[in-house]
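Engineer: I would like to see how this sequence folds:
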Amino acid sequence: SQSQRCLEAEPPTKAAPLCVCNVPAQNVLSLITTGFLGFLTSWPRFCLENTDPRTRGRGIQLLSQVLLQCYSLLKEKEVLHLVLFYESRLQDHHLVIPSVLQGLRALSMCEVLSPGLAVSVLKAIFQEVHVQSLMQLDRHTVYSIITNFMNTREEELKGLGADFTFGFIQVMDGEKDPRNLLVAFQIVRDLIAKDYALGPFVEELFEVTSCYFPVDFTPPPNDPHGIQREDLILSLRAILASTPQFAEFLLPLLIEKLDSELQSAKLDSLQTLTACCAIYGQKELQEFLPSLWSSLRREAAAGASLRTYHRITRSVLPLLLEQYTKHTQSSQRRTILEMLLGFLELQQKWEHVEEAPVCSVVFSALTDPSVQLQLVGIKALTVLGSLSPGFAVLNHLFTLFPPGSEAAMEAAGSLAPTYPKVFSGRMVPRLEEELQSEREESFDSQRSFRQRCLQALAAVSTHTSIVRETVPVLLQHLQKVQKGNGSAAGNMVSACQSLHRVALQCQQDVEGCWYFHQTVVPCLLAMAVQAAMQGKCRTLPGRTLLEEEVLAAMIPVISAATTHLSPELAAQSVSHVVPLFLDGEVSFLPQNSFPCSFQPFGAQRRLVALLMAFVCSLPRNVAIPQQEWLLRELLALSCSCNCPFTATTAAKCFAGLVNKHPAGQQLDEILQLAVNRMEPGLAEGPHRMQALTLLLWVTKALVLRYHPLSSCLTDRLLGLLSDMELGPAAADGFSLLMAESPDVLHKGCHADVRIMFRQRFFTDNVPKLVQGFHGAGPDVKANYLKALSHVLNHLPKPVLVTELPTLLSLLLEALSCSDRVVQLSTLSCLHPLLLEAPQIMSLHVDTLVTKFLNLTSSPTMAVRIAALRCAHALTNLPTTVLLPYKGRVIRALAKPLDDKKRLVRKEAVAARGEWFLLGSPGR
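Structural biologist: Below you'll find the model as predicted:
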């Protein structure tokens, strides 16, 4: 045929094999004069249907090159067939996709494109192509297709509503190349300027663009593209200042950057704020004006004179002090103290203050029952103490220690960085003495007193020099408790909680963070290893440290001590900790003379929880030695250990490492190994629950990073919902997949978490859950409802509202389920919907009233409370719809007024009162 001869215009040789570059596209143009459809029918099938993806790719590449040169000659019917052909090829091998995208770019420029085809193409791209896994040029092609359609098919794209915005967000999420960013930024500007529907995705659109603010880009030398940092800055600024809908997200970001140390960030923030003020109105700015004013005032030079200031202060301060004493209500005192605080902040500038008249007022606020007044008192005391001299304030403060109020501790923590020597020399020794003293009090009183001492030691550890004094005291107390007996577990947990607070306060200081890490982490590991080697005798006092409660309290200490390490220091630490768990190498531990060898994946495997806390908190760019061996050990332990705590922590540790593992063959092999271990365990045997736990955590690790295998593992979980034994646990596992995990797989520990993973999980799996529910037997239907309610309960509420019409019938059916978890989760979903979508909910008012009233008699208190809140929220529906039910509801709500639980009675009073007022004039 003509096309066959064209492809073979230059016969392939060993030196020049058959490829598109050997066949100029101009050679094919002569074939098109008789019509492109005829040309396509004669196109060599061996190119387009060949089993080799490279051959198919070359054929499609040549076709796309031809289209790029002659798209204007095509007829409408030809374009239609070509679009359908190219859309089908988006599901082809990844080697073919770049050529397919080039062809679609050519077709996107056709003037004879039939209505609806632009929408069809974009839907196919959004659904089939993971754009950020493509090369830069291919990603640029996708942006070009979107741009072309936005320029020529605006009304069609707007017909997609917020789905178009959501699809583009997925395309742009993770983009790093400045050439592509300029195009993507222009698309976002057009989305806003041309009034495309953003729907519930305003925050997501803001997040996917604001993550580049402030722009940090230095063009490489001799850059042929000529993109400058200023180009990106101006383009991004045009987005951020383009709509008042961004105000609630942007203004806090600008305030944060205004307070940063980087001058470029401050300048960019000020210029962006100036641009925003021209667009935003008073409504958007009002909430943030105090914080903005505070930040701007710090940047601007003050123009008042010292004499004028003193004249005002002498007149106003005595009046404020007098009014504070005169009024006794906490709310009034708080207002007065806030005004006093404003003057104290101004006094910081002049470094002059008369402390005595103010101290008594501030300290009375710290001991007031009102938490709000205490918070203002903390701020005032912090400002007072920062003035010179501030020793009178410290003397007053020291009399309160060990304090009975959290407010006094917060105030001490705020002042400690200003007077580190005073706190190290006076406060810490006093607290240490109190901690070690034996008081003639009841056991509970003594324990409470020591707990306050521990909290106070942590509260004042806000300066590195103080941390060096408090950490040894806390560790010494922990070691003393370990050797004791009685309620050692509770005392150990208290000590660990204080260490955790110190770790969090050290994170922003490099020196303090490293001191804490290299002092505390080896000590905790040594204590744990010592306890684990004391044999199987559970009565030994030291074994208390191995209790789940204590290990769970140690995990956040080690994690917080690790997350903020620099890559260099983290690498230094990991070179000691990982060999400890793989080789039993204990030489780096203090007091390392142990009675036997350490077997972390054998007799002492319970300590894998501490390994998890460490390795899962490391920055992603820190290499873990012998990682493949470590992963294999964790995998084996998670599948075979009879201890649920150990098996679960091993599974979490495995998942945390897999989430951060670079993509590639090594990861694929590890995941295949995990699947091979899980499948037999899920099928039968004594470790089915351990296999399910591992499946849940590995699935979560992959869902968070959009890994392709996540869909297969999720389908496996969906299949387990029909399992009589594992079904309920699998259903509860959907809560684990959607919720924030406290110790692993969250952004704070450097996990790979995509910003819209919940929405994507919802889109991919809720239809399968609904289908599974309808096809399930009566014994397992509750599992599908429970899984669905967990997914919906963690979904952003604006997204949930948009999906409400299709899911409401299932939610109503879930209220009839006997499972209390399903009932509570479903009520939690329905409550915001009653407030935000009253018109849709009013269509089902009869069912809602009946089911809510039935659940107010539930044996579970939490369900009764949630049902009463929903009954209260029903009054948000149109009055005309509710009036026929008013008498019935009021009668039914009389019963919970006598409930034995106070919180239930409180909700019943509020709900019944609103129903009484229903239909009243002026309501």
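Engineer: For the biggest helix by length in the chain, give the mean pLDDT please.
Structural biologist: Identified as the longest helix of the chain according to DSSP state H is helix 510-532. Along helix 510-532, the predicted confidence averages to a pLDDT of 91.
Engineer: Tell me the buried residues in it?
Structural biologist: 512-532 (16 or more other CB atoms under 10 Å). Every residue, glycine included, has its C-beta placed from N, CA and C.
Engineer: So which elements touch whichever helix or strand comes after it?
Structural biologist: Sequence-wise, the next helix or strand downstream of helix 510-532 (DSSP states H and E) is helix 548-562. Secondary structure elements in contact with helix 548-562, counted by 3 or more CB pairs under 8 Å, 6 or more residues apart in numbering; DSSP states H and E, are helix 488-506, helix 510-532, helix 608-615.
Engineer: what helices or strands is the shortest one leaning on?
Structural biologist: Okay, so that is helix 608-615. Contacting helix 608-615 under the criterion 3+ CB pairs under 8 Å, 6+ apart are the following elements: helix 510-532, helix 548-562, helix 567-583, helix 627-640, helix 644-660.
Engineer: And those: which comes nearest residue 498?
Structural biologist: Using CB to CB as the measure, helix 548-562 is the one of those that comes nearest residue 498, at 9.4 Å.
Engineer: orientation of that closest one relative to helix 644-660 in degrees?
Structural biologist: In this structure, helix 548-562 runs at an angle of 20 degrees to helix 644-660, with axes from the mean of the first three to the mean of the last three CA atoms, to 10 degrees as the basis.
Engineer: and for helix 548-562, what are the contacting residues?
Structural biologist: By CB atoms under 8 Å, 6 or more residues apart in numbering, the residues outside helix 548-562 that reach it are 489, 492-493, 496-497, 499-500, 503-504, 506-507, 513, 516-517, 520-521, 524, 528, 544-545, 570, 573, 606-607, 609-610, 612-614, 616-618, 645, 742-743, 749.
Engineer: If you count neighbours, what's buried in that helix?
Structural biologist: Across helix 548-562, burial judged by 16+ other CB under 10 Å covers 550-562.
Engineer: Give the rounded mean pLDDT of it.
Structural biologist: Averaging the model's pLDDT scores along helix 548-562 yields 94.
Engineer: go on, stretch 420-439?
Structural biologist: Averaging pLDDT along stretch 420-439 yields 84.
Engineer: try stretch 570-585
Structural biologist: In this model, stretch 570-585 has a mean pLDDT of 90.
Engineer: just how off-centre is it within its chain?
Structural biologist: Distance, stretch centre to chain centre, for stretch 570-585: 29 Å (CA atoms, centre = their mean, to the nearest Å).
Engineer: Then stretch 471-491?
Structural biologist: Distance of stretch 471-491 from its chain centroid, counting by CA atoms, centre = their mean, is 34 Å.
Engineer: Residues in contact with that stretch: which ones?
Structural biologist: Contacts made with stretch 471-491 from outside it, assessed by CB under 8 Å, 6+ apart, are listed as 428, 431-432, 435, 447, 450, 454, 457-458, 461, 492, 495-496, 498-499, 502, 515-516, 519-520, 523, 527, 531, 541-542, 544-545, 547, 549-550.
Engineer: can you count the residues close to residue 909?
Structural biologist: The burial metric for residue 909, expressed as a neighbour count using other CB atoms under 10 Å, is 14.
Engineer: Please apply the same query to residue 202.
Structural biologist: Burial measure for residue 202: 18 neighbouring residues, criterion other CB under 10 Å.
Engineer: Verify the stated contact: it with residue 246.
Structural biologist: Yes: distance between residue 202 and residue 246: 7.3 Å, which falls inside the contact criterion (CB atoms under 8 Å).
Engineer: any idea how far residue 856 lies from residue 895?
Structural biologist: Here the distance between residue 856 and residue 895 works out to 7 Å (CB to CB, to the nearest Å).
Engineer: more crowded one of the two?
Structural biologist: Between residue 856 and residue 895, counting by other CB under 10 Å, residue 856 is the more crowded of the two (23 against 12).
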